[in-house]
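Chemist: What would the 3D arrangement of this be:
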Amino acid sequence: MRSPLVSIGAFVLPVALTLSAAASVALLVNRSGSGCPGPSRPHLPGAQVLSMSTVGRPGGPGGVAPGWPVTGVPAFCDVTIVLTHPPLGDRVRIELWLPRTTWNGRFQATGGGAFAAGEFERSLVPAVRQGYAAASTDAGVPTTPDTPPTWALHRDRTVNEGLLANFAYRSVHDMSRIGKQVIAGFYGRPPAYSYFTGCSTGGRQGLVEAQRYPGDFDGILAAAPAISWNRLTLAQLWPQVVMNEAGVYPTACEFAAFNRAAIAACDGGDGRIDGVIGRPDTCRFDPGRLVGTKVRCHGRTIRISPAVADIVRRIWSGPTTRTGGHQWYGLLPGASFGWLAATTKPLFGARHGVPFPVAADWTRYFLRQRPDFDLSTIGYAEFERLFAESRARYSAVIGSDDPDLSAFRAAGGKMITWHGLADQAVFPQGTVDYRRHVEAAMGGTQATDRFYRVFLAPGVSHCSGGAGPVPTDPLAALVNWVERGHAPDTLPAATSGAHRPRISRDLYRYPRIGYAGPA
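Modeler: Numbering: from 1, shown residues only. Next up, the predicted model:
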């Protein structure tokens, strides 16, 4: 659930083509530019192509999209397709970038973030740069990762089940089928191999493909997957609920003090002293140890209270029922509190919580069905009801955590997941939980490793960044596995940042956690 600024735009149909007409009339528009041939119109059972355009894009900087400074992009043909699923009346935009002369023979479909089904330029640029024919889709819900899912509700405030199905599972499958047809028509042959790549929402989309449509892709890279979505999104709201219930909203300085203390206490648990908690699942630092200590915060001194220590303890423990029953996971020690436990102090008024947008939007639009609902009113009792409702209503649609991958295995598919252990938005314990369920369903660790491998990255934040080494090219490892049969035992990773030395290490594959080589 990344929060980058992404411009995905919206494809606008001709004014004369009304939405009702669009449901019954197929309009095909082929505009060829700069030597780009117009591919033949694709066919998609259950859907109807409304429009199709082809525009030539020159390579290099300035030839891709306004405001997107890139280098090393080859000349490509930009194919945009708009389709609908009668009688839903939706408008799904799929964009394909097809290298003119540098195609490597492969197809790469890409995923999205938060409530955005695709990231378009942000993911298409690196794919085309590497020679892939690449695709992205908005699933008919043209939301950016920074705007609310206003598409979620009809005028009568009932949930738009059709658009939810697009976002949850249908549109990546459509993108796969459309993409392969267009590629075959454009190049005169189908792609030799097809891949899906994504992180967060994109990681969830990749796992959905393996679960629901096992023949779509030869290889799937599903990083930090937002699986168990209908439980995860409520768990992301938990830190705010804890603060609401206590009536206490700590500063960022106080939260940071607990992470510094946890790192100081637990660094070295993996045999390395490197400023990173290598095994946060085994870190037993007690937040109560900070009670009474002082923290400097923007020129003033704050003394850590028992109430603040208890809030941190509950956030790390994750959501529970009022009787102490486990519901889902919480932040691991070392992961930033800044996304899920954010607070703010207005110039006039008391400090209050700032809920994580994805968690807030899921609760407001899909559970309470009131975009203006005040989340500060949610305490433990209401949270427990909302959690149960989210599980009951949405598991089948967007749970995305079916462990039966037998069809994907039978199709010869290969999948890699990596997840940062300092992820501040999507809890890595959810990935471990899913992997364990897959092992139980698929015959154990060794049997699962033959087609699905997981790598956990200490100190790495959501999808990238953090103090630990981040996987440098997991897609290359996946391609090597799919096309040459070389299953990765380790994943190359490296730290980044201009003000610290670069450290390169190889991540072990799960169930081992940590780095290969000497400490």
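Chemist: Please determine how far Asp138 is located from Ile277.
Modeler: 38 Å (C-beta to C-beta, to the nearest Å). Where C-beta positions appear, they are placed from N, C-alpha and C, glycine not excepted.
Chemist: Give me the more crowded residue out of those two.
Modeler: Ile277 (30 against 27; other C-beta atoms under 10 Å).
Chemist: May I ask you to confirm that the more buried one is in contact with Ala261?
Modeler: No - applying C-beta atoms under 8 Å as the test, Ile277 and Ala261 come out as separate, 11.4 Å apart.
Chemist: if I've got this straight, Gln240 is in a strand?
Modeler: No - according to DSSP: H, G, I helix; E, B strand; the rest coil, Gln240 belongs to no strand; its state is helix.
Chemist: Can you verify my assumption that it contacts Thr343?
Modeler: No - using C-beta under 8 Å, Gln240 is not in contact with Thr343, being 9.0 Å away.
Chemist: who touches both of those two?
Modeler: Gly353 (C-beta atoms under 8 Å, 6 or more residues apart in numbering).
Chemist: Neighbour count: those two, which is higher?
Modeler: Using other C-beta under 10 Å, the more surrounded residue of Gln240 and Thr343 is Gln240, with 27 against 20.
Chemist: For the more buried one, give me its contacts.
Modeler: Leu340, Ala341, Gly353, Pro355, Phe356, Ala359, Leu375, Ser376, Ile378.
Chemist: now the strands for the stretch 51-200 of the chain?
Modeler: Remark: strands assigned in the stretch 51-200 of the chain by DSSP state E, counting those that start in this stretch are 76-84, 92-99, 106-110, 133-137, 193-199.
Chemist: do the same with the stretch 201-350 of the chain
Modeler: 219-223, 294-297, 300-303, 343-344.
Chemist: Reformat these as a markdown table; add distance to Phe167.
Modeler: Listed next are those as a markdown table, based on distance: least, C-beta to C-beta, whole Å:
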| stretch | distance to Phe167 |
| --- | --- |
| strand 219-223 | 17 |
| strand 294-297 | 40 |
| strand 300-303 | 42 |
| strand 343-344 | 30 |
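Chemist: Would you tell me which of these gets closest to Gly203?
Modeler: strand 219-223 (4.2 Å; C-beta to C-beta).
Chemist: which strands and helices sit next to that closest one?
Modeler: strand 193-199, helix 201-212, strand 414-420, helix 474-484 (3 or more C-beta pairs under 8 Å, 6 or more residues apart in numbering; DSSP states H and E).
Chemist: Pull out the buried positions in stretch 250-265.
Modeler: In terms of neighbour count (16 or more other C-beta atoms under 10 Å), stretch 250-265 has its buried residues at 250-252, 254-259, 261-263, 265.
Chemist: And these, which two are furthest apart?
Modeler: Going by C-beta to C-beta, the pair spanning the buried residues of stretch 250-265 furthest: Thr251 and Ala265, at 21.5 Å.
Chemist: returning to that earlier point: buried ones among the contacts of Gln240?
Modeler: Counted by 16+ other C-beta under 10 Å, these give Leu340, Ala341, Gly353, Pro355, Phe356, Ala359, Leu375, Ile378 as buried.
Chemist: In the stretch 1-150 of the chain, where is pLDDT below threshold?
Modeler: Across the stretch 1-150 of the chain, the ranges flagged by pLDDT under 70 are 1-34, 61-70.
Chemist: oh sorry, the question was meant for the chain
Modeler: For the chain (pLDDT under 70), the answer is 1-34, 61-70, 498-499, 518-519.
Chemist: do you know how far the most centrally placed residue in it is from Phe427?
Modeler: Closest to where the C-alpha atoms of the chain average out (C-alpha atoms, centre = their mean) is Ser200, at 1.3 Å. Distance, Ser200 to Phe427, using C-beta to C-beta: 12 Å.
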